[in-house]
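[1] Fold the following, please.
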Amino acid sequence: MSFTLRLPIPPSTNKLFGYRRGGRYRTAAYDKWREEAGWSVKQMKPKPTPVSGDFEIYIEVPRGRTDLDNHLKSTLDFLGWMRLTPDDRFCCEIHIRFVKDMANEMCLTVAADHHSE
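    You can find the predicted model right below:
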């Protein structure tokens with residue numbers, strides 16, 4: 001079981017959360033991205049079928065000014081928030097790469113872990 005999504009590029013990991021007395025909070029940029037990405041998923045036809053248990057993720061992002069790992073935290077948390085995957089602790093394999101001449105969006109495929117089948 002797998003699904004593929006095209007999502008807007010998330011903000012930098014350093015811009016996901018702010019801090020103030022009383023703790024951490026999501027930034028406006030992070031909330032805006034989650035809302036935009038959520039609408040892209042909700043408008044998909046057919047709807048992606050959630051993956052349960054261990055999963056793998058394959059991510060392609062346009063070459064830019066950020067590090068590859070800068071796209072992981074927000075993406076994995078988003079998938080859990082949308083209930084497309086269980087908690088990100090079940091992610092057992094990650095593949096991420098830059099793609100030259102790609103539109104300003106990310107493409108990701110989530111698949112049930114083929115090693116546990």
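[2] Identify the residue nearest Ser74 in space, chain neighbours excluded?
    Pro10 (3.8 Å; Cβ to Cβ, 6 or more residues apart in numbering). C-beta here means a position set from N, CA and C on the backbone, and glycine is covered the same way.
[3] so the one you found, which of the three states?
    coil (DSSP: H, G, I helix; E, B strand; the rest coil).
[4] Likewise for Gly80?
    helix.
[5] Hmm, it is touching Phe90, no?
    No. Here Gly80 lies out of contact with Phe90, judged by Cβ atoms under 8 Å, at a distance of 9.0 Å.
[6] Figure out the helix or strand that the most centrally placed residue in the chain lives in.
    A centroid search over the chain (Cα atoms, centre = their mean) returns Thr75, at 1.9 Å, as the residue closest to the centre. Using DSSP states H and E, Thr75 sits in helix 72-81.
[7] for that helix, packing partners?
    helix 28-42, strand 55-62, strand 91-99, strand 105-112 (3 or more Cβ pairs under 8 Å, 6 or more residues apart in numbering; DSSP states H and E).
[8] you'd agree Lys18 is in a strand?
    Rather than Lys, residue 18 is Gly. Yes. Under three-state DSSP, Gly18 sits within a strand.
[9] and the gap between it and His114?
    Distance, Gly18 to His114, by Cβ to Cβ, to the nearest Å: 39 Å.
[10] Also Val51?
    12 Å.
[11] The two: which has the busier surroundings?
    Val51 (22 against 11; other Cβ atoms under 10 Å).
[12] contacting residues for that one?
    1-3, 84-86, 110-112 (Cβ atoms under 8 Å, 6 or more residues apart in numbering).
[13] Quick one: buried ones out of those?
    By neighbour count, with 16 or more other Cβ atoms under 10 Å, the contacts of Val51 hold 3, 84-86, 110, 112 as buried.
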